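Asks: Task: produce atomic coordinates for the following.
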Amino acid sequence: MNKDSDFLPDVGWTEQSPEDAEVDSRADAIEQAEGIGEEPAGNTSVLRTLVLPVLLGGIFLIFAFWAGFAWLGML
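Replies: Next up is the predicted model:
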C-alpha cells in the first residue's frame, strides 16, 4: 500500500473551478470597464536579470574585500 495515496487525492490541480472562472470573468469585465489594460509582456533578457547583477555584486565584493584588507593592513 502506498502511503502517499492517503495524502495526495486524485485532483486535477491545473483545472480551473467554475467559481474561479466566474470570478475571473467578473474581474476582467471590471478591469475593461475601468480602462485597465493587460500588463505588457516582459521582454527582459537573462543578461539584464541575472548576469549583470551577479557581475556587479562580484565586483562590489572584490572591492569591499580589497578595501577591508587594506584597512586592516593585510595588503
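Asks: List phi and psi for the residue nearest the centre of the chain.
Replies: For the chain, the residue sitting closest to the mean C-alpha position, by CA atoms, centre = their mean, is residue 49 at 11.0 Å. Taking degrees, to the nearest 10, you get phi -90, psi -30 for the backbone angles of residue 49.
Asks: Same check on the one 4 residues further on?
Replies: As for residue 53, its main-chain torsions (degrees, to the nearest 10) stand at phi -60, psi -40.
Asks: picking that back up, would you mind measuring from the residue nearest to the centre of the chain to residue 73?
Replies: Distance, residue 49 to residue 73, by CB to CB, to the nearest Å: 39 Å. To be clear about C-beta, it is placed using only N, CA and C from the backbone, and glycine gets the same treatment.
Asks: now swap in residue 66 and tell me
Replies: Computed as CB to CB, the residue 66 to residue 73 distance reads 13 Å.
Asks: Then residue 23?
Replies: Distance from residue 23 to residue 73, by CB to CB: 65 Å.
Asks: Let me see the mean pLDDT of the helix or strand hosting residue 66.
Replies: For residue 66, the enclosing helix or strand under DSSP states H and E is helix 52-71. On average, the pLDDT along helix 52-71 is 97.
Asks: Could you do stretch 31-49 as well?
Replies: Mean predicted confidence for stretch 31-49 is 83.
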